[in-house]
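Colleague: Got a predicted model here, sequence first, then my questions.
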Amino acid sequence: MLIDRKYPTDHVFLEEVYSKIFSEKGHEVVWVMKSQKPIKTRRETKWNNNRVIVVPTRFPGIIEYVFQIFSLLFLFNLAKKERFDIIQVRNDPVMGILSYFIAKRCGAKFVVQLSHLKAEENEIFAELGMYGSKIKNLLIAKIEKTLRQLMLKKADFVFPISDEMKIYFSELGIDKKKMVSIPLGVSQSISPSKISASKLKQKLGLGNEVVFIYLGTLIKTRKLELMMWSFVELKKKQENVKLLIVGSGKEEEDIQDLQRLVISLDLQKNVIFTGQVPRQEVPKYLKLADVGLSPIPFNKVFKRSSITKLGEYMNMELPVVTTKYPEQEKLTCESKAGYCVDYTIEEFTKALLKMVDIGKKKRVAMGKRGRQYIRKERNMANLAKLVEQRYLILAPGDLT
């Protein structure tokens, strides 16, 4: 498993499906990740009884990709020595191209898992003039797209994160028969009734307000200004409301811009920024909330994504207010766990106001429906079984 996240990682799906469940099933998984902190030499460690090979990280940006190629050459000898059945790459096309040659050399199947359209995101950065120069973002996008397309064509199998992403890649010439969409799942170990957040509530100065929460990235492409302006309108009719914003941006400026907007809108007493919090602490913050918010603008990246926060809200029995794009609309409407509206200040404000007006009893009922639904539809064990079944088809003689 060569993945685009740095070690140690707190990615719930990777840990529960590939690290824990697969280990319990008797499969041996060897991870390859870049180091979170700069290190000079490669090292090995353990993650849920799985071997992790931590690769040095020395340079930022594009230079790191060049260095990465050389730092991963040792994998040729490792793969030949250990005779892997499957070599799987998550997102990173540089790792992907190298892994294809490694898999070909040692007779393993080459699999790609894609959770994000990074190239298309860089195109959006260029269009909006954010996060670096337009030329740089367009160049990165072009390189990423070219390498990704080559990687997908060479892959024996592909796991896109959504049906929309699968459709997108099929339109780009990737065979539908070698793709199965695997969305993000929710942790089955979470139990809202067993989570205590009284100390955190006191620390944040919360009382008997109706608390809304936004969990996740504050990247500018999310256009979270809509949430702030909607809260201004909500405050005109409901004073006793608070908004918790849990997360950080791509750059420090992202959260600073939102904080300045809060001040200009006179929402300082209603909006609390917590910054990034450790993954294990997230359920406590969700426990404090009455409603989970997921405003996502409709663009070519988000249209084909699987939003983690929505599943986490529902898993913690929170009713939700979401905006319309394929996955959110499907989950919100099928579960009857909240309101899914157009991405406008007017419609989002109406939904927030309805959540306050319906009262706690109906909000709790919504939340319980959401948890029941999401734990069935996005059960980690079921998703792990789908992945395993495909592996057994790819390498039946070795994995059974």
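Modeller: Everything's here; your move. Numbers count the residues shown, from 1 in each chain.
Colleague: what's the neighbour count on residue 266?
Modeller: Neighbourhood size, residue 266 [other CB atoms under 10 Å]: 10. Quick note: C-beta positions are derived from backbone N, CA and C, even for glycine.
Colleague: And it, how close does it get to residue 241?
Modeller: The gap separating residue 266 from residue 241 is 14 Å, by CB to CB, to the nearest Å.
Colleague: and if you look at residue 149?
Modeller: 47 Å.
Colleague: out of the two, which sits in the more crowded spot?
Modeller: residue 241 (21 against 16).
Colleague: Need the nearest residue in space to that one, chain neighbours excluded.
Modeller: Closest residue in space to residue 241, ignoring its immediate chain neighbours: residue 210 at 5.1 Å, by CB to CB, 6 or more residues apart in numbering.
Colleague: My guess is that neighbour contacts residue 244. True?
Modeller: No: at 11.6 Å, residue 210 does not count as touching residue 244 under the criterion of CB atoms under 8 Å.
Colleague: Can you say which helix or strand has residue 249 in it?
Modeller: Using DSSP states H and E, residue 249 sits in no helix or strand.
Colleague: Apart from its chain neighbours, what residue comes closest to the spatially most central residue of the chain?
Modeller: Nearest residue to the geometric centre of the chain (CA atoms, centre = their mean): residue 308, 4.9 Å. Counting by CB to CB, 6+ apart, residue 184 is the residue found nearest to residue 308 once chain neighbours are left out, at 5.4 Å.
Colleague: Relative to residue 144, how far out is residue 77?
Modeller: Distance from residue 77 to residue 144, by CB to CB: 28 Å.
Colleague: And the pLDDT at residue 147?
Modeller: Residue 147 is assigned a predicted lDDT (pLDDT) of 94.
Colleague: Make sure it is indeed in a helix.
Modeller: Yes: note on residue 147: a helix contains this position according to DSSP: H, G, I helix; E, B strand; the rest coil.
Colleague: count of residues packed around it?
Modeller: 17.
Colleague: isn't it right next to residue 98, touching?
Modeller: No: with contact defined as CB under 8 Å, residue 147 does not reach residue 98; the gap is 10.5 Å.
Colleague: Poorly predicted segments of the stretch 301-400 of the chain, please.
Modeller: Residues of the stretch 301-400 of the chain meeting the criterion pLDDT under 70: 397-400.
Colleague: where do the helices sit along it?
Modeller: 308-315, 326-335, 345-357, 359-377, 380-394, 396-399 (DSSP state H, counting those that start in this stretch).
Colleague: which residues sit in contact with the residue nearest to the centre of the chain?
Modeller: Residues near residue 308 by CB atoms under 8 Å, 6 or more residues apart in numbering: 12, 184, 216.
Colleague: most neighbours, which of the residues you listed?
Modeller: That'd be residue 184 among those, by other CB under 10 Å, with 23 neighbours.
Colleague: Point me to the helix or strand that includes it.
Modeller: Going by DSSP H and E, residue 184 is not in any helix or strand.
Colleague: wait, isn't it in contact with residue 310?
Modeller: No: if you go by CB under 8 Å, residue 184 and residue 310 don't touch, sitting 9.3 Å apart.
Colleague: hmm, back to that, between residue 77 and residue 144, which one's more packed in?
Modeller: residue 144 (21 against 11).
Colleague: Just give the number of residues close to residue 232.
Modeller: Around residue 232 there are 15 other residues, counting by other CB under 10 Å.
Colleague: Nearest residue to it in space, please, no chain neighbours.
Modeller: residue 265 (5.2 Å).
Colleague: Please apply the same query to residue 328.
Modeller: In space, residue 328 is closest to residue 322, 4.3 Å off (CB to CB, 6+ apart).
Colleague: which residues does the one you found form a beta bridge with?
Modeller: Beta bridges link residue 322 to residue 294, residue 340, judged by DSSP bridges.
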